[in-house]
Every structure is written in structure tokens, then in C-alpha cells.
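Novice: Take this sequence and fold it.
(chains A and B)
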There are 2 protein chains.
Amino acid sequence: MNKYKQTAVASKDFEEMVKRAVEELKPFFQPKSIAVIGASHDVNSPGWVVFKQLIEYHRKGLLKAKVYGVNIKGGELFGEKLYKGITDIPDDIDLAVIIIPARFVPRAMEDCGKKKVRCAIIISAGFSEIGNTELEEEVKRIAEKYHIRVMGPNCLGVYDAISYVDTLFVPQFKQLEGKDVLSLPRPKLGPILFYSQSGALGAAVLDYMYGEEIGISKFVSVGNKMDIDEVDTLLWAKEDPHVRVVMMYIEGLKAERARLFVEVAREFVKHKPLVILKGGKGGAAAARAVMSHTASMAGAWRVYEAAFRQIGAIIADDLLKMLDAAKALAFQPPAAGKRIAIVTNGGGAGVLATDAAEAIGLEVPAPSEKVLNEFRKAQKEKLIVEFATFSNPFDLTGSATDDSYLAAIDIVMKSPEFDAVLVIGLHHVPTLSDKFVDKICKLIRKYKKPVVAVDIGGAEYAKYVRARFDDYGIPAFPTPERGIYALWSLVKYGQTLKKLGVFDEYIKKWKHVEVRQ
Amino acid sequence: MNKYKQTAVASKDFEEMVKRAVEELKPFFQPKSIAVIGASHDVNSPGWVVFKQLIEYHRKGLLKAKVYGVNIKGGELFGEKLYKGITDIPDDIDLAVIIIPARFVPRAMEDCGKKKVRCAIIISAGFSEIGNTELEEEVKRIAEKYHIRVMGPNCLGVYDAISYVDTLFVPQFKQLEGKDVLSLPRPKLGPILFYSQSGALGAAVLDYMYGEEIGISKFVSVGNKMDIDEVDTLLWAKEDPHVRVVMMYIEGLKAERARLFVEVAREFVKHKPLVILKGGKGGAAAARAVMSHTASMAGAWRVYEAAFRQIGAIIADDLLKMLDAAKALAFQPPAAGKRIAIVTNGGGAGVLATDAAEAIGLEVPAPSEKVLNEFRKAQKEKLIVEFATFSNPFDLTGSATDDSYLAAIDIVMKSPEFDAVLVIGLHHVPTLSDKFVDKICKLIRKYKKPVVAVDIGGAEYAKYVRARFDDYGIPAFPTPERGIYALWSLVKYGQTLKKLGVFDEYIKKWKHVEVRQ
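Specialist: The predicted structure follows:
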């Protein structure tokens, strides 16, 4: 259905492919009008949930697209007329959301074709994932005949935090002891595109991101990948101004798309970072698990790993690392090298950060005499206390003030001896003021050297401190080791850009995100 | 000062040492009367903070011990008379908390000796940690002369969640935009003893535990370890009925205590699990970091690692793992082997759990025909849906109900094929009721096979689900990989107990914690 589907991409073709993707996939993310085929009166049905939330978003003015309901029985729902077929709708439709039993999907797709629908999200399950490959093939033939781009089947579809296209059919609220409690929240707006081969896992991760206050631009759940897959998502993400990083959960690539994926991804990472969590890495049990889940071949993990490395993707070992790396890459520039400085007011936290840094291959070099002298000068000026130690970690001690941090951070940010900085600011001490974060973030943002922050704690003050760092685009984490991993991902991406010869160009264009205050 | 200080312990001496420790250290945790030497009018001083919180705890009836303030100037504070010297107090004192400039500490200790004080927490800094080893030696000589057991100097001392001894001098609240905000909370009551060689890190971890709702029995911060150290803490913890697991942050053992520690710890783990996070594992930078922090020798990580393995301690790689392991070991029995079953309603989450399990050396075996038949039977009885897969992970699919889980969990708990179980219950689906956790926990608690739960998410419902699991003593985690690590710690401890030949005896005595509802 697309010329480039079977073609391996040369660098010069990449931009052409991006252009086509932006044009063809636009209705998934910015439709003019949506038809929900399977809008249902049954409050327990996905068709009810999806139609309701789209109508509500539209009425609130969040979703620009007009929303039409289709139900073979006709009638009315939420005060809206239900059409017996999509062809009855007296308006052009560019996005169809299909939520009806699998056997009726071919017929619905034929109607979509006649209606000149450009994109369809087929939420319905019951296709190749349970062995009904013929039915899926039939739908595919119809899609190709009418040039309809298809997401799914057997997927959650899209959540777009900007346009409010939202086909997640799992209810946002759930009853708990007679009360409606937030069960599947949507994360706040942010610069991450999250692609998931698993719908349930994807939804759960959205819930997790909500809790960690990690923002999202788009969520894409592709199910059986009849058409839209990793390749299309990257092509779209390349141009999307609201996407600064792509985060992917992949169980397996389709054999016929693997080579194209590698080529497209290799071009993509010149522009934006890509974080991949691969499900199905292990031995026999992992292979069984993946086979019974998405019928992907997981046995070839070494092959995948080699490909992902070749691409220059950040390969995350687990869910938390995927999120931490994406958060760092969304907000901070890549590092020019792997030499980090650790500034801390807690010796133990500095020790743990150093352990983690050395374990993952970062360098924590001893400072030169020049840097030492600058620290000693700050000490003479009473900015830094007497018993502070400057061996890197730079331990400003529990008596450190806002000014101690300002002095220390300025020294290490300026010095060419360090490529990236971990700032550990344990808030508990009385000597750090409530303007601490604001002050040091303003200083940090004068540079294009990556900084990650750590404050350990789970009560109100710690949460405030980390959220405040995040607001300034300085990603903050609750343990030293997570901070170091985040910093590592920035080092890793910098290495990739250098290898590709585009680091300087990338940094020149790179900008701090706007501060939300 | 103690006979056993220089003696390597034989197994039979262990109980004798425990008995002595319980007797000698009791005033640290259950004093009859406390003197705060350095109770101060200066609201920014540690002496003010500590005296205030002890007085308040006492007035509320939480702290049974009587509290007396000592200040060389005399006077009154919080309506309490301040004594010019401890010897002026018209009452016996068994615990002294010393918070005065270092140079005055020897004199105060002499007074303590005359007053027959049994234990002293010396919070004051300015001793060996900044090179004043002579002053520390002087204090030590006085302590030995009068048989005073000493915690510190340069420490936070004790937080005991049962007796409310609390010498943490960092304020609990801190100003944020004109309001008092919780800054250093105390975690809720629970079965963990947390020992930290670093005070600041220890305090920050308490804050973190508060956020994760991990309960604590005692926190012990030992600073320079003039006397009380890892050995004494383990001896005390062995008998303490409120301690089910000990969690230690160690940067270095004193050379003269290392052998004794290994011998005592080896006895200790026959009775209770021990989790160790070692700070200073890496190369040159880690060694520098530790040297400047606690002046410990960190270069010998391989030696430490070998010793910790010999002990049978759980060696945690990072802060989060230390906490996750401790949480699991506090609530669940050790596993009889390493074969785990994974029960899930999310395929992707099951895949990630399997990857993590295989990576860490757990087995996720395919089920026997016998187990398969039991699952098929449950399927025939419509307890489990048609498209569920039973290859382990047992993927009950997103249509799984409470009854599906009850059926599946009962099969794997009964089966001798599995030594431990990971239950992944993604709450988002409408088919799981709000009684899901209660129902399956009641079933799980009929067995003595370890179970860990996972629900991914950060909004209200996910938090409720995990807290509810925790309430039942089934430790719950927000990612599959953390759940697997927790399970691994139970497997590891089971292996240790088997190696020591005490597994069966241990399991026989082991009890589920009481349910807090």
C-alpha cells in the first residue's frame, strides 16, 4: 500500500518518506472528523467508553475534530444521533475508529473505503493474535484497495495529549468501595512519544507516568501491526514538533520490516533520541512468553541487540530505565563525553552515585589543580565550608548553602574537564533555602551541558524539590543510581551523535525547554 | 570494653553475646530516662530540635522515658527546668544524648560516668572524621573506664518507632513559601531495622521509605563507630521481636571488627535475613569518595563481596534494591527453590517479568501436564477464559476475573513444581473487582510459599491496590522487574538457609504478619 514498504531506505530517501508519513498519518493525530464505528449503549463496552470520551473532549473544546457515532441499530447516544452506517454521515470522515466484533470488520472497512476514509484504528480483537490470519488478510486487502492506513487490529490506538484523539477504551475511573477512583489516568502534556506493541502494558505505563509526572505527547498502541508499526511511528515523530524523544516497547519486528526499521531508525536518531525496551530477551521461558503474547520471535535477542546498537538507540534493560532515560533525553542535551562531576551535600549519596557511575562505564575524574584552586577560592570567600572535599564527588557537606551550590556548579559547568554533572541536593538540611532549586536551575540553564538532579525522599518537600527541578527541565530522580543512569543515557546519545558526525550541529540547534512556572 | 570485642565468636558463644547485647544496649532503645546534654534555646540548633521532639513525644505518652535537659547556663525550655550538669538531675539516667561542641564532650562523658549512665549517643561532630583522632580516643578511654556504651560520635543516633527514642536532629518540617512542609518524616511502624554508616543518607532513606510506605522498627546511625557498630546492631536485632529483617548501609568495616562481624552475621542469618548495600564498590573514584566521606578503605570490594556471600547476606546493588529486598524479606517466607510461576493478566508485563527472572538466575519452568490439566479444568468451568495461555507465564488475559486469579493461584500455590509466585494484577480492566486483592490475599496466606505482587501505575487506584497487598503482607511493587528482584531475594535467602541446614526449621516457625485492615 506504500511504495516504501518494501524498499530499504537510503539517507536521501528518508526525508521523502517522512513527508509522505506526515501527510498520510495526519488523521490519526489531527483528524478533521472521527467516526466511531461501534458506538454503543452498553456502558461496559469499549464502544461506549471511546465514543463518550471523544464526545466530551469535543464539547469541552479540547478535541477540534467533529465526532460521529455509528451503530447498526441507529438511535441516539449522549444526545448525538447514531448513524446506521458510516456512509450515512453527511460529512467527510478522515479517521474511523472501529470497535465491533471481528467478523463485521471487513464490511465496515469496505464502507470506510467508499466513504474515502484515510485512516482507521481497528480496536477490535479476534484476528491473527488468536490464529484468524485469514480474516486479518482480508481486512488488509480492503485497506490496500482503498489506500486506508490502518492501526491495529487488536490495539488501544492513540492518545494524543495535544489534539485529544483518545481511543483508549479502558475506563479512566473505576469503582472502589462505591466511589469513582482514578484508574487509568492520562499523563500530563510533555515531549515524549510512547510506542507500545502491548496495549495493556502501554496503558499501565501511562498510569505509571502519571504518577511520576512524566509528560507525554503521544501514545501509540499498534496491536497486530497490520500496517502502522515502528517505522511509520518514527517517520511521523521525526517531524512532530511536540516530540523530543521516542520511547518504544517492542516484542518483535516483522521480518519483512526489520531491515527498513534499522535504516529508518538510523536516520531518525540523527534528529531525536530513541529509547527501546525489548520484551523477550531471555531464554526458553522468555521465548514462550513472547510467542504466546504477540507471536513474535524472541529467540533472536542477540540479533536485535546488535541492530539496536547499530541504530544508536538507547537500549533500556527494564521499564524504569526506559522511563528514566526518556525523561532525561526529553529535557537535557546529549553529553560531549563521559567524564562526569558529582556535586553533593551528602557523602553517602555521592558514594552511591560514584559506584553506579563506574559500574556503567562513566568516568568520575579527579579534578585538575586549576579546578581545585577555584574550589579553594570559593572556600576562602566563605561560599563553601571548611570541611568540604573536592576529590569528585565534590562533597559540599551537610552545611552547604544555596551559595555553595551556585559556586560549585558554576565551576564544574564552566570547566572543560567535565562533560556532564550530577547535582545531589538533599533538601533535609536547614541550610538549603526554599529558593535553592530556582537559583541553581537558572544557572544551569545558561549552559548546554547536561545536568541531572537527585533528591532522596518521598514526603512533601522532596516531591516539591523534584517537581521543581523537572519544571525547569532538569530531570530529577529519587535515588543516586537512577540519576546516574539518566546521565548515562545522555552520554550514550552524545556518543551516537559523534559517531554519526552530527554532534556539533545537534548541540547548536538544541534548546532548553520552556520553564513551566 | 567488652570481652567479646576482640574474640572471634564460635556458634555456641553467639547466644551469650546476644544476651549481653540485649542487656547492655537496652537503654539505646528502651531507656527509663534520657538526659539531653546540650538542650538549647537556639531554634536552629540540633539540641533544640532533639530536646523538643523528645519532650513532645513524652508529653503525648508515646515516649515512656522521662526526659531531662542539660545546659551549662541552666534556665528553662518548653516549660522544663534545664540542669547545669547531668549530675544535678535528681533521677537515675540510663541514656545520655550529647549535642555539644566536640571539645566539651570528654567532660560531659566524665559526668555521665559519675552519674552511672549506661549508654550515650554522641551526636556532636568534630572527631576522627576531621582528623581529631586524639579527642575521639580520649572519649573512648572515658567510656571504657565507666563502662558506657557509645553510639557515634558524628551520628544521627536512633529512631525507634516503638519506644519513640528519636535523636534525629534534622527538623521534621521545613519552610516552603511561608508554610511548614513535611521534610524529614518518620516512616510508619514496620518490621525493618535500618542501620546506616552515613547519617545524611540514612535520613534521606527514611524520607524515601515514608513515601513508599515501607515500615520501620528502628533506625540506627552509628557515625564514626567508636563503639556501637554492625556487630552490636546484629546482636540486638537477633532478639528484638519487632525486627524481622536487618538492612545495612556500610561503607567499610573497621579492620579489627571485620572477622567478628562475619562470624556474628553468619549466626544471625540463621534467624533473620540481612540485606547489605555496600558503598564504595567501584574503582579509583569510588575509593576517593569513600575515603573523603567515612575514611573507610573501599578498595577491597572483592574482599567484602566474598565475605558478604560467605555470610549469606543479600547483597543489594543499589538503594532501591536494598529497600525492595528488605520489604520482601520482612513479609514473605524464604523460597524452597528457584522455580517461579508468573500469573498475569497482561502479556507484556509477563514478558518483562520473565526477562528479569531469567536474567537474575530464576527459573520460569514450563508446567507439567498435570498442572496444565488443572488449568484446562478451570477453563472448562469458565473460571478462566478461552484464550488464556498456560506456558508460564500463565497469561489469564485482560478478561481475567477475580475467580480466574483464585483458580490460577490455587493451582500454582499447591503445585510442588513452583517454589515462589509472582502475581501481576493490572487493575485497569473492568473485570477485576475492588475485592480482588482481599480475595487473593486470603488465599495466598493459607500457604507458606512466597508471593510478590505487581500492579503498574501511579494514580489513586494503583496506589490503593499496592497498599492493600502490602497490608496483607504480600509485598507489592510498581514494575515487573522490581517484583522479580524482590522474589529473587526470597529465593536467595532460602538457598542460604538450606546451605546452613536450617530451612525446614525456619519455615516451620515462620508466620504471616498480622493483617492491618
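Novice: show me the contacts for the closest residue to residue A:490 other than its chain neighbours.
Specialist: With Cβ to Cβ, 6 or more residues apart in numbering or on different chains as the criterion, residue A:490 has its nearest non-adjacent residue at 4.4 Å, and that residue is residue A:450. Where you see a C-beta, it was placed from the backbone N, CA and C, and this is true even at glycine. Contacts were defined as Cβ atoms under 8 Å, 6 or more residues apart in numbering or on different chains; by that measure residue A:450 touches A:328, A:332, A:333, A:334, A:335, A:419, A:420, A:421, A:487, A:490.
Novice: nearest to residue B:172, of those residues?
Specialist: Sorting the contacts of residue A:450 by distance to residue B:172 puts residue A:421 at the head of the list, at 30.6 Å, by Cβ to Cβ.
Novice: Parallel or antiparallel, list what pairs with the helix or strand hosting the closest one.
Specialist: In this structure, residue A:421 sits in strand A:420-424 according to DSSP states H and E. Taking DSSP bridges as the criterion, strand A:420-424 forms sheet pairs with strand A:340-344 (parallel), strand A:451-454 (parallel).
Novice: Alpha carbons of the longest one, in PDB - could you do that?
Specialist: As requested, the backbone C-alpha atoms of strand A:340-344 are provided in PDB (Å, rounded to 0.1, in the frame of the first residue of the first chain):
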ATOM      1  CA  ILE A 340      31.100  13.500  35.000                       C
ATOM      2  CA  ALA A 341      31.200  15.700  38.000                       C
ATOM      3  CA  ILE A 342      29.200  14.900  41.100                       C
ATOM      4  CA  VAL A 343      28.200  17.700  43.400                       C
ATOM      5  CA  THR A 344      26.600  16.700  46.600                       C
END
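Novice: and whichever helix or strand comes after it with strand A:340-344, angle?
Specialist: Towards the C-terminus, the helix or strand next in line after strand A:340-344, according to DSSP H and E, is helix A:347-360. Taking axes from the mean of the first three to the mean of the last three Cα atoms, to 10 degrees, one finds helix A:347-360 and strand A:340-344 inclined to each other by 160 degrees.
Novice: can you tell me if helix A:347-360 touches chain B.
Specialist: Yes. Using Cβ under 8 Å from any Cβ of the partner chain, a contact is recorded between helix A:347-360 and chain B, made by A:347, A:348, A:349, A:350, A:351, A:352, A:354, A:355, A:356, A:357, A:358, A:359.
Novice: In contact with the second one, which residues?
Specialist: Residues in contact with residue A:348, defined by Cβ under 8 Å, 6+ apart, are B:196, B:197, B:198, B:200, B:201, B:202, B:249, B:251, B:279, B:293.
Novice: what does the third one give?
Specialist: Residues counted as contacts of residue A:349 (Cβ under 8 Å, 6+ apart) are A:424, A:426, A:454, A:456, A:480, B:198, B:200, B:201, B:204.
Novice: cool, and the fifth one?
Specialist: Counting by Cβ under 8 Å, 6+ apart, residue A:351 touches A:393, B:198, B:251, B:279, B:280, B:286, B:289, B:290, B:293, B:298.
Novice: What distance do you get for the closest residue to it other than its chain neighbours to residue B:196?
Specialist: By the measure of Cβ to Cβ, 6+ apart, the closest residue to residue A:351 outside its immediate chain neighbours is residue B:279, 4.0 Å from it. When Cβ to Cβ, to the nearest Å is the yardstick, residue B:279 and residue B:196 sit 10 Å from each other.
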